[in-house]
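Novice: Next come a sequence and a model predicted from it.
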Amino acid sequence: MNNQEEKSVKETERLAKLKAEDARQLAREQARTKAYLDREQEIEKAQKIKEDQRARDRAEEEIKEQAKEKARKEAYQAREKIIAAEQEARKAKQ
């Protein structure tokens, strides 16, 4: 082999190694990207679960508050009825 052929063989080997290294780097980068996206997906899933739980908790709390408010209104109306009835009874006595 002459000098030119040796350089050509070495250049071919160098390019093959470079191509193989590029392929390995690409595979590593794709694996990193997939791992990152998987982690992000798990985080989003956990956040959605927490948001759903908070929404359920808010709904339950709202129902409880509505029930309390209804009970307060009914108690107020009952007291007003009693007061009105007592006033009527006093007027009737006079």
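Specialist: Structure's in. What do you need? Residues are numbered from 1 along each chain as shown.

Novice: Could you measure from Arg32 over to Asp38?
Specialist: Relative to Asp38, Arg32 is positioned 11 Å away (C-beta to C-beta, to the nearest Å). C-beta here means a position set from N, CA and C on the backbone, and glycine is covered the same way.

Novice: again, but for Ala46
Specialist: Counting by C-beta to C-beta, the gap from Ala46 to Asp38 is 13 Å.

Novice: ok, now Ala23?
Specialist: 22 Å.

Novice: How many neighbouring residues does Glu65 have?
Specialist: 10 (other C-beta atoms under 10 Å).

Novice: and the helix or strand where it lies, how far out from the chain's middle?
Specialist: Element membership for Glu65, per DSSP states H and E: helix 3-93. How far helix 3-93 lies from its chain's middle: 1 Å, per C-alpha atoms, centre = their mean, to the nearest Å.

Novice: Quick one: mean pLDDT over it.
Specialist: The average pLDDT within helix 3-93 is 95.

Novice: Remind me what that helix packs against, helices and strands.
Specialist: The criterion is 3 or more C-beta pairs under 8 Å, 6 or more residues apart in numbering; DSSP states H and E, and there are no helices or strands that helix 3-93 contacts.

Novice: going forward, begin numbering at 2 instead of 1
Specialist: That works, and once the first residue is 2, the last one we named lands at helix 4-94.

Novice: burial count for Glu75?
Specialist: So Glu75, with other C-beta under 10 Å, has 10 neighbours.
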